[in-house]
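> after the sequence you'll find the predicted model.
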Amino acid sequence: ADRAEYWFGEMKKAGVKPTKRAYAALIRAHARRVKGTRWTDRDPEQIQHVMELLPEMREQGIHPDAPLFNALIDLCAKFRDSDGANRFFADMKSSGVKPNSYTFGSLFNALSVGGDPGVISGLVKEMRESGIKPNLVMYAEIMNACVSSKDPTGLDLAEETMKEVKHAVGKPDIFLLSACVRLHRNNPADIRPKKWILWILDAGVNPKKLLSREGRQLVQKIRLESASER
């Protein structure tokens, strides 16, 4: 990202007007800089100057398109800046730019910390009204947003999502299992996440691929408890 910033600055110093592609490349470079870092080490203040690129582009007569808005929303998601992601999403729609599946996937990702079930449900409804069908990655992002919700209706939304997964997708994956494990850990008294975990295991998903040792141990415990109950 530092090199991208340097050459971007050199371009402007030389009197070369940055193109839409140049702005998008700079935004994506900042999104890539977080690879391998912990969420707790990511400060939205680090990208504040990037957030201000949109007015600069417009001043130069550049009209942001879907890929550019998506890059900005994705950058917000990488830094768990849900407010920033929502602002860019609103700007995108008011500018007449149509959101696509990547837009919604990044929005769900941005909402995966402290997600509001009502907001998430609204996005799901809006996505469907746009003619976009959720894929497995998007379902996992919706489940992750439900994980962080402190509202009990988050589990209800998760239940609706899992019903759709079973009907529309059929075979789950490790990311869905990970979300369900976290839901169970946050809501141990609710039996629903446990049932979803068992269904995912029965579908053939290998829990050994879970990144967290604690998660693998929890899955093993659930599996043993289920076997003893039969």
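That came through, no problem.
> show me what the least confident helix or strand in the chain by mean pLDDT is packed against.
Taking all helices and strands of the chain together, the one with the lowest average confidence (mean pLDDT, DSSP states H and E) is helix 48-51, at a mean of 78. For helix 48-51, the packing partners by 3 or more C-beta pairs under 8 Å, 6 or more residues apart in numbering; DSSP states H and E come out as helix 20-32, helix 66-78. (Glycine included, C-beta is placed from N, CA and C.)
> ranking these by burial, who's on top?
helix 66-78 (a mean of 23; mean count of other C-beta atoms under 10 Å).
> got the angle between the following helix or strand past it and helix 66-78?
Downstream of helix 66-78, the first helix or strand assigned by DSSP states H and E is helix 82-94. Computed with axes from the mean of the first three to the mean of the last three C-alpha atoms, to 10 degrees, the direction of helix 82-94 lies at 170 degrees from that of helix 66-78.
> give me the mean pLDDT for helix 82-94.
Helix 82-94 carries an average pLDDT of 91.
> relative to helix 82-94, how tilted is the helix or strand just after that helix?
The helix or strand immediately downstream of helix 82-94 is helix 101-110, counting by DSSP H and E. Direction vectors for helix 101-110 and helix 82-94, defined by the same axes, to 10 degrees, enclose an angle of 160 degrees.
> what bits of the chain have low per-residue confidence?
Along the chain, the parts satisfying pLDDT under 70 run over 1, 35-46, 113-115, 149-150, 211, 230.
> show me the helices in it, by range?
Per DSSP state H, the chain has helices spanning 2-13, 20-32, 48-51, 53-59, 66-78, 82-94, 101-110, 117-129, 136-147, 153-164, 174-186, 192-202, 213-229. These are given in chain order.
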